[in-house]
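Participant: Whatever this is, show me its structure:
(chains A and B)
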Amino acid sequence: MERIDLNLLKLGEDLRERVRVVATEMFGVTLEQVSAEVPPRIELGDLAFPVAFELAKRIKQATGEKRAPRAIAEELRQALETTVGVARVEVAGAGYLNIFYDRARLLGSFAASSVEVESTPAGNVEDVSNRPKLIVEHTNINPNKAAHIGHLRNGVLGDTFVRILRAAGERVEVQNYIDDTGVQVADVVVGFMHIERMMLDDVRALDASLPPERPFDYYCWDLYARVGLFYRDGDPEGKENPEKLRLRGETLHAIEAASNPTAELAEYVATRVVNRHLDTMGRLGIRYDLLPRESEILRFMWQRAFDQLKASGAIRYESEGRNAGCWVMPMDTHTSTDEHEADKVIVRSNGTITYTGKDIGYQLWKLGQLDIKFTYRMFRDYPDGHIVWATTGEQMDGADARPTAPAFGGGQIVYNVIDSRQSYTQDVVRKGVAAVAPQIGEAASVHLGYEMVALSPAACEELGLELSVEDRARPFVEMSGRRGLGVKADDLVNRLEAGALRETESRHPELSEEEKQSTAHDIAVGALRYFLLKWTRNSVIAFDFKEALSFEGETGPYCQYAAVRANSIFRKLDDAALAEAVQTFQGDADQTETRRLLETEDGNELWSLVTLAARFDEAVAQAAAQAEPAHLAKYAFQLARAFNLFYHRHRIIGEEDAARRAALIVVAHIARQQLTTALATLGISVPARM
RNA sequence: GCCCCCGUAGCUCAGCGGAUAGAGCAUCUGCCUUCUAAGCAGAGGGCCGCUGGUUCGAGUCCAGCCGGGGGCACCA
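Facilitator: Prediction:
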């Protein structure tokens, strides 16, 4: 990935440090932290310190002397003005210290840097192999039916966070946990065995006969909804029939026991559906390093985790009361009531392990706190050589020529991308881990929670769902796999691609079929990823087709379009135009021409685009620190908007004034590089034409 | 009962304790002979849920209240 060094961040830090030093020297006040801000308008400068207000207070506290903030700011002003890269400092308002950067000087160095970067091969990124490893776990879809938009939010959020961490220079491993032995898989197996009367060979044959528009995971989607009805004897509002529920229990036991026809069918279903999920996510550029399977976690890991939990005193055996016969973890964050026990059951009285229990074991392993060696097999590889591995119960054949799996697990921090509704369970996991491994504590486990994707009433109607009166009055309706209510991920991507293809065909009939398809695909991915990223994590998305299928306004395609426009300028310019522009800059040693250009009102506009473009690293750092990809999405949109304004105001190719033309070329180039990088970090690529 | 999240323009949402609270959509008005209008410009539209508190300064922090959502399973 191309990265320009626009080190405004460092300049800002230098200034901050200078303020701290000067405050001590001049006023004898030690400031713990100096807050800085970007002024609301470019006319007010590039950086502002409201530090004089704080100093006035501190001086008064220390000496009783009352000093006006403006006067204090005045004194600081002179000390800051001598900093390299700073043109001037002004005191404004009640005492703001506004810093104006030396535009011509900085733009000159950005220009040089932006050209160097272009000659560096893409992908030549910093070596991160000796960084501590971070693990991000995401997607985690039950392998029993097609992925829906809620799963997409998880995958896109997780994948983008991974890209953000990597852009911030971190080493990251991506895991996608596969619950191949849970109730949800068992339900679909019940459907095949007891509704369809099929066993493994029949299901295989069925799978092979399915049309491409209704693949195996789609079939399971419908079947799963039918199983829900089956348990209730066909009445959606009815009670579950205990006879039929017993089938579920038997199936679950058979799956756990392994090596029997039911378990083989379950394994087939889970593996096929996981493959479909990887296809779906792959369409959006989402990939994984490892698929840990619950079956292996149970077989090879649980006992060790259980021993450690007992030894640490994190869990205790209940010999009486409601939880008699269970191993429980006491949770003091919740209080017992008539309806709710305060303690969380980890091992049931029948000896089986709850999901939370398994999750604690898995989390301990991810954090390198369980000395377990799994065996791995190649699950899938991609054209570029990337391999997705899966845990396996089999021993590897010694003569096997396949590449050796990397050392998985052992992360310093583990981010779990999981629906906010599971925050309580995540609390339990975090506390369990901290009890077993106090040296890493709770801070090593991060729950990257997000709110659900629900359906707008309009979306429900479009899906042919009749709504109750109260549902219609609500802002959104929750999706339900059990009711088969939801928007399948592939359906949505298909619709986006079809829409983008229509537009591309009407705009660019000259393109080849293949080019049109690939453009439409890029646009569809851009639209969908941006759509899922523009909301902050704790905002419920009320999914609406019109909004999700839009390519205008605050959307991915809007951002892509800005980058495409920028690229088209350079396509029409001579190859040497950029190098010449930089040379013009360097030839103008005193930068008098550049200075003249940038200090006008017009120059304000150019300069604000440059400083915004320069803030990419800041946006990444903020998104990483707050684990909030939406910040970066908003940044990309802002940058695209600023570029579109610039594009509208200035004609580059026809510009006669050489110095001006050079400046415009350099600004456009910096903006397109930063925008392209920002979009790539969001997993959005820029097509050649739109 | 307890815990968590949310309440900002007609709608959907941004907003790090700092200057005149911003986008997109929707409505209205302009702008395509141009490096592509998937665009640009402009207009209207706000007791930032309420009441107190902390602060030089509060949409942002604290407390209480009101309204909405989610959770507190021997489900996952």
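
Participant: drop to CA atoms for contacts and neighbour counts, all remaining ones
Facilitator: Noted.

Participant: looking at this, A:G449 is in a strand?
Facilitator: Yes. Under DSSP: H, G, I helix; E, B strand; the rest coil, A:G449 sits within a strand.

Participant: got a list of what it touches?
Facilitator: Shown here is A:G449, whose contacts under the criterion C-alpha atoms under 8 Å, 6 or more residues apart in numbering are A:416-420, A:423, A:537-538.

Participant: And it, how close does it get to A:S420?
Facilitator: 5 Å (C-alpha to C-alpha, to the nearest Å).

Participant: ok, back up a step: which ones among the contacts of A:G449 lie within strands?
Facilitator: The strands, defined by DSSP state E, take in A:416-419 from these.

Participant: Mind checking if stretch A:424-436 is in reach of RNA strand B?
Facilitator: Yes. Counting by C-alpha under 7 Å from any atom of the strand, RNA strand B has neighbours in stretch A:424-436: A:424-425.

Participant: Please state the offset of that stretch from the chain centre?
Facilitator: A distance of 23 Å separates the C-alpha centroid of stretch A:424-436 from that of its chain, computed with C-alpha atoms, centre = their mean, to the nearest Å.

Participant: Report the buried residues of it.
Facilitator: Residues of stretch A:424-436 classed as buried under the neighbour-count rule (16 or more other C-alpha atoms under 10 Å) are A:425-436.

Participant: quick one: which two of those are the most distant?
Facilitator: Longest distance between any two of the buried residues of stretch A:424-436 is 16.7 Å, between A:T425 and A:V436; criterion C-alpha to C-alpha.

Participant: circling back: considering only the contacts of A:G449, which also neighbour RNA strand B?
Facilitator: Of the entries in the contacts of A:G449, those that also sit close to RNA strand B under the rule C-alpha under 7 Å from any atom of the strand are A:420, A:423, A:537-538.

Participant: Show me which of those residues are buried.
Facilitator: Applying the neighbour count, that is 16+ other C-alpha under 10 Å, the buried entries in the ones next to RNA strand B among the contacts of A:G449 are A:420, A:537.

Participant: how deep is the closest residue to RNA strand B within the stretch 451-600 of chain A tucked in, by neighbour count?
Facilitator: Taking C-alpha to the nearest atom of the strand as the measure, the point where the stretch 451-600 of chain A comes nearest RNA strand B is A:G553, at 3.1 Å. Taking other C-alpha atoms under 10 Å as the neighbour definition, A:G553 ends up with a count of 11.

Participant: check contacts around it.
Facilitator: Applying C-alpha under 8 Å, 6+ apart, one finds that A:G553 lies in contact with no residue.

Participant: in the stretch 301-450 of chain A, which spans are strands?
Facilitator: Shown for the stretch 301-450 of chain A, the strands assigned by DSSP state E, counting those that start in this stretch span residues A:316-317, A:327-329, A:344-347, A:375-381, A:387-392, A:413-419, A:445-450.

Participant: The shortest one pairs with which strands?
Facilitator: The pairing partners recorded for strand A:316-317 under DSSP bridges are strand A:327-329 (antiparallel).

Participant: what about the partner strand, near RNA strand B?
Facilitator: No. Looking at strand A:327-329 against RNA strand B by C-alpha under 7 Å from any atom of the strand, there are no contacts, and the closest approach is 8.6 Å.

Participant: Show me the contact partners of that strand.
Facilitator: Counting contacts by C-alpha under 8 Å, 6+ apart, the residues touching strand A:327-329 from outside are A:314-318, A:343-349, A:428, A:432.

Participant: ditto for stretch A:555-575
Facilitator: Outside stretch A:555-575, the residues that touch it by C-alpha under 8 Å, 6+ apart are A:523, A:526-531, A:551-552, A:636-637, A:640-641, A:643-644, A:647, A:652-653, A:668-669, A:672, A:675-676, A:679, A:684-690.

Participant: Okay, buried residues for that stretch please.
Facilitator: For stretch A:555-575, burial by neighbour count (16+ other C-alpha under 10 Å) applies to A:555-567, A:569-570.

Participant: Looking at it now, give me its mean pLDDT.
Facilitator: When pLDDT is averaged along stretch A:555-575, the result is 95.

Participant: Do I have it right that A:V19 meets A:L80?
Facilitator: Yes. A:V19 sits in contact with A:L80 when judged by C-alpha atoms under 8 Å, with a separation of 7.4 Å.

Participant: Next, give me the two most distant ones among the contacts of A:G449.
Facilitator: Maximum pairwise distance among those (C-alpha to C-alpha): 15.1 Å, between A:N416 and A:N538.
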